[in-house]
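Chemist: missing the sequence, but the structure's below:
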């Protein structure tokens, strides 16, 4: 098949583009980083440079080939940033991709969203896709990703076949955010164990997410139009995950225990101060981060199992071992492996 992957210079998109190419598909990877693009080309993936918010650039890429599937992994994913940046990449970018699919007759769009749309300051476990969403989302990322889903829904009403996946907390070799940030926090100030680290969290090994995307790209017609939770399927206490990570790294875990209410209040003050700074730099704690680390947030993945045939295959212990092996290679080599 001819497949377009947006966000192919990122963690999930790059992994997916290479996996699809290894499966024998003709893959075009769209992204912003020329350096990462050159690495994709070396691996047999055609690279197309574009900003998601630039409708004309997106349109030109779709015009360049008769794609049979578009997998939209591209997004502005961060715990802090300007609202307009989130909106441009996540909402306008998704609208541009969906419109280009319709304009060019692309048969299927697989859209990567986020379970962050479910969660706020309180704990929620075993959340299903049909469960009600909070009235407000915890931050600009979740808010704009929900709006992006609505853009996909509007395209579906106009005849585009769509599937939406909500993968939770991706990690594994090549992770540049979740686990590296924990390692950095451990070295600088200590890992925040909010509420004692008792919150249950879901983690998703990146190759399991890739497998879910492949399944969505070829899913039967009765799965189309659906939204599916994706995770590793085995919730773990945040404190246990942190202890396991640092045990595998051979480093002591420097835990910084914080009551939830105190952490949330501190995050509010830090966000306020960050907005006043000319640089607008990210605060050490945000309310969204406190909610993620301090309240239980787990998913029910039964629908993905039933409709897509998804089954996670890499547990947390094995996934962390693979990450640590690559992390050590990265530190020794002084760079970021593919």
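Modeler: Sure, I can see it. Quick caveat: nothing in here was measured; it's all calculated off a predicted structure.

Chemist: contacting residues around the lowest-mean-pLDDT helix or strand in the chain?
Modeler: One helix or strand of the chain scores below all others by mean pLDDT, DSSP states H and E: helix 287-294, with a mean of 78. Residues outside helix 287-294 that contact it (CB atoms under 8 Å, 6 or more residues apart in numbering) are 79, 116, 119-121, 138-139, 141-142, 192, 194-195, 199, 201, 238, 258, 260, 263-264, 267-268, 271, 297. (C-beta placed from N, C-alpha, C; glycine too.)

Chemist: Can I have the buried ones of those residues as a PyMOL selection?
Modeler: Per 16 or more other CB atoms under 10 Å, the buried members of the contacts of helix 287-294 correspond to this PyMOL selection:
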select buried, resi 79+116+119+120+138+139+141+142+192+194+195+199+201+238+258+260+263+264+267+271+297
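
Chemist: Now go through the contacts of helix 287-294 and say which are in strands.
Modeler: Mapping the contacts of helix 287-294 onto strands (DSSP state E) picks out 192, 194, 201, 258, 297.

Chemist: which residues touch residue 72?
Modeler: Contacts of residue 72 by CB under 8 Å, 6+ apart are 6-7, 94, 97, 109-112.

Chemist: For beta bridges, what are the partners of it?
Modeler: Judged by DSSP bridges, the bridge partners of residue 72 are residue 6, residue 111.

Chemist: What separation do you get for it and residue 304?
Modeler: Counting by CB to CB, to the nearest Å, the gap from residue 72 to residue 304 is 18 Å.

Chemist: quick one, what contacts residue 212?
Modeler: Per CB under 8 Å, 6+ apart, neighbours of residue 212: 165, 167, 228, 230, 304, 308, 310.

Chemist: same question, residue 124
Modeler: Residue 124 is in contact with 118, 131, 295-298, counting by CB under 8 Å, 6+ apart.

Chemist: Can you flag the buried ones in the residues you listed?
Modeler: By neighbour count, with 16+ other CB under 10 Å, the contacts of residue 124 hold 118, 295-298 as buried.

Chemist: Could you tell me the end-to-end distance of stretch 195-212?
Modeler: When the termini of stretch 195-212 are compared using CA to CA, to the nearest Å, they are 33 Å apart.

Chemist: Surely residue 227 touches residue 164?
Modeler: Yes - counting by CB atoms under 8 Å, residue 227 sits close enough to residue 164 to count as a contact (4.2 Å).

Chemist: so what sits against both of the two?
Modeler: Shared contacts of residue 227 and residue 164, defined by CB under 8 Å, 6+ apart, comprise 113, 149.

Chemist: where in the stretch 151-300 of the chain is pLDDT low?
Modeler: Counting by pLDDT under 70, the ranges of the stretch 151-300 of the chain that qualify are 278-280.

Chemist: Break down it into its strands, ranges please.
Modeler: Per DSSP state E, counting those that start in this stretch, the stretch 151-300 of the chain has strands spanning 161-167, 170-171, 191-194, 200-201, 204-205, 227-230, 236-237, 255-258, 297-299. These are given in chain order.

Chemist: ok, residues contacting the fourth one?
Modeler: Taking contacts as CB under 8 Å, 6+ apart, the residues outside strand 200-201 that touch it are 123, 125, 169, 235-238, 241, 292-293, 296-298.

Chemist: same thing but at 6 Å, please
Modeler: Strand 200-201 has contacts (CB atoms under 6 Å, 6 or more residues apart in numbering) with 235, 238, 296, 298.

Chemist: what residues are up against residue 158?
Modeler: By CB under 6 Å, 6+ apart, residue 158 lies in contact with residue 102.

Chemist: Kindly reformat the contacts of strand 200-201 as CSV containing distance to residue 25.
Modeler: Compiled in CSV, the contacts of strand 200-201 are given as follows (distance: CB to CB, whole Å):
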residue, distance to residue 25
235, 33
238, 37
296, 38
298, 33
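
Chemist: Max pairwise distance over these: which two?
Modeler: The distance between the two most remote of those (CB to CB) is 11.5 Å, for 238 and 298.

Chemist: Can you point out the buried residues in stretch 78-89?
Modeler: In stretch 78-89, counting by 16+ other CB under 10 Å, buried: 78-81, 86-89.

Chemist: Farthest-apart pair in these, please.
Modeler: The span of those, defined through CB to CB, is set by 79 and 88 at 17.6 Å.

Chemist: What segments of the stretch 51-200 of the chain are helices?
Modeler: For the stretch 51-200 of the chain, the helices defined by DSSP state H, counting those that start in this stretch cover 55-63, 83-86, 93-104, 140-157, 178-188.
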